[in-house]
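K.L.:
coords please:
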Amino acid sequence: MYRIMLADDEGIVVDSFTYILKEEFGDEVVIEAAKTGRSVIELAERFRPDIALMDIRMPGINGIDAIKEIRKRNTGIIFIVISAYDKFGYAQEAINQGVMDYLNKPVDRNQLLMTVKKAMEQVDVEREKRSRELEILEKMETVTPIIESGLIYNMLFQDLFKEDLDNFKKILEIDSDYGYMLALMFGEQQEGSVMTNAVGTSVRIQNHIRDLREIIKSYFRGIVGPVMANKIAIFIPYDKKEFDYNERIEIIDTARNMVRRLNTQMDAVFRAGVGCVKPLDKQMISYNEALDSLAMTTGSVVHSDDLAIGCGYEEDYPIDLEDMLFESIRKGDINKSISSASQFFEWMRENYGGYSEDIKLKTLEFVLRAESLAYQKSGNTYRFRSREDYLGSINSAPDYDSLKKWFQDKISDACHTVMSRRENRSSSVIDRARDYIMAHYKKDISLDDVSREVDISPYYFSKIFKEATGENFIEYLTNLRIEKAKELLENTDMSMKEICLEVGYSNPNYFSRIFKKSVGVSPTEYKG
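P.N.:
You can find the predicted model right below:
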C-alpha cells in the first residue's frame with residue numbers, strides 16, 4: 001500500500017487526481033489532501049506519505065518552502081511538483097530540493113500515472129533496502145551476543161590464537177590493544193561480600209539478559225559476556241597501558257551509576273569490580289583482579305587499584321620480557337624462549353652482577369616455573385626426585401656464562417617437552433582421522449563426524465588437519481573418492497551408477513561434475 005498526499009488549493013484538481021489514482025490503483029493507495037502550505041506541512045507530519053504531489057502556488061507557505069520544511073522531518077518522501085507556472089526558476093529550485101519530477105498543468109492522465117508509477121517503484125526499492133537493513137540488524141542482534149560471548153570465553157580461558165583475536169577485533173570493531181575487565185556480580189541480597197541465592201537469581205536474570213546488556217552498554221562501550229553462575233564478565237577496550245587517577249575515578253562513578261540503575265530495574269542486587277589495564281591476551285588477570293576486589297570489600301563498586309591487588313614491580317624490572325619468556329614456553333616456541341631467557345639473564349648480570357646468590361635464586365625460580373608449565377601442557381608424569389641435582393648444578397657453576405648455559409638448556413628442555421607433546425598428539429590425531437576417512441569414505445561423512453571420532457573440536461581439527469595434509473577436509477575426502485573412482489573405472493566393469501555409490505556419491509550427475517572438475521574429463525571419457 002502507498003500513502004499519497006495531494007497538495008493543491010484547487011478542489012477540482014484534487015478531486016480529478018484522486019479519481020484517476022483510485023481508478024488505476026484501487027486499494028493499493030491511500031490518499032489525503034491539503035489546500036494550504038501550512039496544512040500540508042501538518043498533514044505530512046501526521047500522515048507520513050510515501051509520495052507527495054505538490055502545487056507550487058498555494059495560499060500562505062508556497063510549495064517549495066513547504067517541501068523544505070517537510071524534508072526536515074521526513075527525508076524519505078518522494079515529491080512530484082505540479083504547477084501551472086512553467087518557469088525555469090521554479091523548476092530549478094524544485095530540482096535543488098530533490099524533487100523527482102516537475103509536471104505542468106494541465107497534466108495528462110497517462111503522464112500522471114506514469115510519473116506516479118515511477119515514484120512507486122522508488123518507494124518499493126527503498127522499502128526493500130530498509131527491509132534488508134532491518135533483517136541484517138535483526139540477525140546482528142542475535143549474532144553479536146554470541147560473538148561477544150566467544151571473545152570473553154577465549155580471553156578468560158586463554159584459548160586464543162592470534163588469528164582468532166584479530167578476527168574478533170575486526171568483527172567487533174575493537175581498535176585498542178589494551179583493555180580492562182569489569183566483573184558484574186549479582187544475587188538476591190548482599191551479606192558481607194557474598195551475594196545470596198546466586199543460582200536462583202542467575203536463572204531470573206537469564207530472562208532479562210537483553211535488557212541487561214542494553215543497560216550495561218549504555219554506560220560502557222564494552223563487550224558483554226554470558227551469565228556465568230551469578231557473574232558477568234565485561235571487557236572494555238582502553239587506549240592506554242594504565243589508568244591515570246582522574247580516569248579511574250570517572251570509571252568508578254560510571255560503574256556506580258550503572259549498578260544503581262541495575263538495582264532499580266532488575267530483580268536482583270548488583271556489585272561491580274574493576275580490574276587493571278592489561279593487553280588483550282592478559283584479560284584473565286584483569287578479571288581475577290576484579291573478582292578479588294569484590295571478595296575483599298563490601299562496597300557496591302570497587303577498583304582493584306584502590307586495594308593494590310596484584311603484584312607490583314620495581315621501576316626497571318623487565319616484566320614484558322618475563323611475560324614473553326613464559327608465553328613462548330607455553331606455545332612451545334624454542335627459539336623465542338631461549339632468546340628471552342638470554343635477554344633476561346643479561347639484564348640480571350648487568351644490573352645485579354654483584355649479587356650472585358640472588359641471580360641463582362631467580363634462575364632456579366624461572367626454571368621451576370618453566371618446568372611446571374611444561375608438565376601442565378605435556379601430560380608427562382611428575383617425579384619428585386627429577387630435580388635432585390639442580391641446587392648442586394647452580395651452586396657449582398664456576399661463572400655466569402656457565403649458569404646462563406644451564407638456564408637456557410633447562411628452558412629449551414621445557415619447550416621441547418611442550419612442543420613434542422603437541423606434535424605427537426597432532427600426529428596421532430591425524431593418523432586416526434585418516435584411518436577413519438579411509439574406512440568410511442563410501443558413506444556420507446562430515447568434518448563433524450571425523451572430529452567427533454578423534455575427540456577434538458571441529459575448528460581445531462580442521463586447523464591441524466590442513467597443516468598436516470596441505471588440504472582441508474573436503475578437498476582431502478574429494479580427492480580420495482576420485483582416486484578410488486579412477487581405480488574402479490580402470491579395473492572393473494561396474495556401471496557409472498555403481499561406481500558413484502561405491503565412492504560415496506548418491507547423485508551420478510553431481511559425481512560426474514566433481515570428477516570432471518578434478519580430472520579434466522568426464523568419468524565416461526576417462527574409462528573410454
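K.L.:
drop to CA atoms for contacts and neighbour counts, all remaining ones
P.N.:
Noted.
K.L.:
just checking, next helix/strand downstream of the lowest-mean-pLDDT helix or strand in the chain?
P.N.:
In the chain, the helix or strand scored least confidently by mean pLDDT, DSSP states H and E is helix 88-96, which has a mean of 56. On the C-terminal side of helix 88-96, the closest following helix or strand by DSSP states H and E is strand 101-104.
K.L.:
Sheet partners, orientation included, of that next one?
P.N.:
Based on DSSP bridges, the pairing partners of strand 101-104 within the sheet are strand 78-83 (parallel).
K.L.:
Can you name the residues in contact with the partner strand?
P.N.:
By C-alpha atoms under 8 Å, 6 or more residues apart in numbering, the list of residues contacting strand 78-83 from outside reads 50-57, 67, 94, 98-105, 119, 123.
K.L.:
Report the buried members of these.
P.N.:
Buried subset of the contacts of strand 78-83 (neighbour count, 16 or more other C-alpha atoms under 10 Å): 50-57, 67, 94, 98-99, 101-103, 119, 123.
K.L.:
which SS class is residue 54?
P.N.:
strand (DSSP: H, G, I helix; E, B strand; the rest coil).
K.L.:
which residues sit in contact with it?
P.N.:
With contact taken as C-alpha under 8 Å, 6+ apart, residue 54 is in contact with 6, 7, 8, 63, 79, 80, 81, 82.
K.L.:
Mind putting the residues you listed into CSV with distance to residue 275?
P.N.:
Written out in CSV, the entries for these read as follows (distance: C-alpha to C-alpha, whole Å):
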residue, distance to residue 275
6, 62
7, 62
8, 66
63, 61
79, 56
80, 60
81, 62
82, 66
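K.L.:
so where do the strands sit in the protein?
P.N.:
Taking DSSP state E, the strands of the chain run over residues 2-7, 29-34, 51-55, 78-83, 101-104, 178-187, 190-191, 194-195, 223-228, 231-238, 269-274, 278-279, 301-303.
K.L.:
And the first one, how far out from the chain middle?
P.N.:
Same thing as strand 2-7. On the basis of C-alpha atoms, centre = their mean, to the nearest Å, the separation between the geometric centre of strand 2-7 and that of its chain is 44 Å.
K.L.:
Can you name every helix or strand that that strand contacts?
P.N.:
In this structure, strand 2-7 packs against strand 29-34, helix 37-47, strand 51-55, with contacts taken as 3 or more C-alpha pairs under 8 Å, 6 or more residues apart in numbering; DSSP states H and E.
K.L.:
wait, which of the ones you listed is closest to residue 274?
P.N.:
Each of these was checked against residue 274 via C-alpha to C-alpha, and the shortest separation belongs to helix 37-47, namely 47.4 Å.
K.L.:
any idea of the mean pLDDT for the closest one?
P.N.:
Per-residue pLDDT over helix 37-47 has a mean of 91.
K.L.:
swap in stretch 444-460?
P.N.:
87.
K.L.:
who's in contact with that stretch?
P.N.:
The contact list for stretch 444-460, computed with C-alpha under 8 Å, 6+ apart, reads 429, 432, 433, 436, 437, 461, 462, 473, 474, 504, 505.
K.L.:
mind putting these in JSON lines, neighbour count and distance to residue 194 included?
P.N.:
Compiled in JSON lines, the contacts of stretch 444-460 are given as follows (neighbours: other C-alpha atoms under 10 Å; distance: C-alpha to C-alpha, whole Å):
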{"residue": "429", "neighbour count": "20", "distance to residue 194": "45"}
{"residue": "432", "neighbour count": "15", "distance to residue 194": "49"}
{"residue": "433", "neighbour count": "21", "distance to residue 194": "48"}
{"residue": "436", "neighbour count": "16", "distance to residue 194": "51"}
{"residue": "437", "neighbour count": "21", "distance to residue 194": "53"}
{"residue": "461", "neighbour count": "23", "distance to residue 194": "41"}
{"residue": "462", "neighbour count": "18", "distance to residue 194": "43"}
{"residue": "473", "neighbour count": "19", "distance to residue 194": "49"}
{"residue": "474", "neighbour count": "11", "distance to residue 194": "52"}
{"residue": "504", "neighbour count": "20", "distance to residue 194": "59"}
{"residue": "505", "neighbour count": "20", "distance to residue 194": "60"}
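K.L.:
Okay, now the unreliable bits of this protein?
P.N.:
With pLDDT under 70 as the threshold, the chain has low-confidence stretches at 85-97, 136-141, 158-162, 308-312, 377-380, 420-427.
K.L.:
quick one, longest helix in it?
P.N.:
helix 109-157 (DSSP state H).
K.L.:
Show me what that helix is packed against.
P.N.:
helix 162-171, strand 223-228, strand 231-238, helix 283-296.
K.L.:
Between the two ends of stretch 43-62, what distance do you get?
P.N.:
Across its full length, stretch 43-62 reaches 15 Å end to end, with C-alpha to C-alpha, to the nearest Å as the criterion.
K.L.:
How far away from the center of its chain is it?
P.N.:
Mean-position distance between stretch 43-62 and its chain equals 45 Å (C-alpha atoms, centre = their mean).
K.L.:
Make a markdown table from the helices and strands packed on helix 109-157 and add distance to residue 487 and mean neighbour count to it.
P.N.:
Supplementary listing: the helices and strands packed on helix 109-157 in a markdown table, determined by distance: least, C-alpha to C-alpha, whole Å; neighbours: other C-alpha atoms under 10 Å:
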| stretch | distance to residue 487 | mean neighbour count |
| --- | --- | --- |
| helix 162-171 | 40 | 13 |
| strand 223-228 | 53 | 20 |
| strand 231-238 | 56 | 22 |
| helix 283-296 | 55 | 23 |
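K.L.:
and of those, who's closest to residue 156?
P.N.:
The minimum distance between residue 156 and these falls on helix 283-296, with 4.6 Å, by C-alpha to C-alpha.
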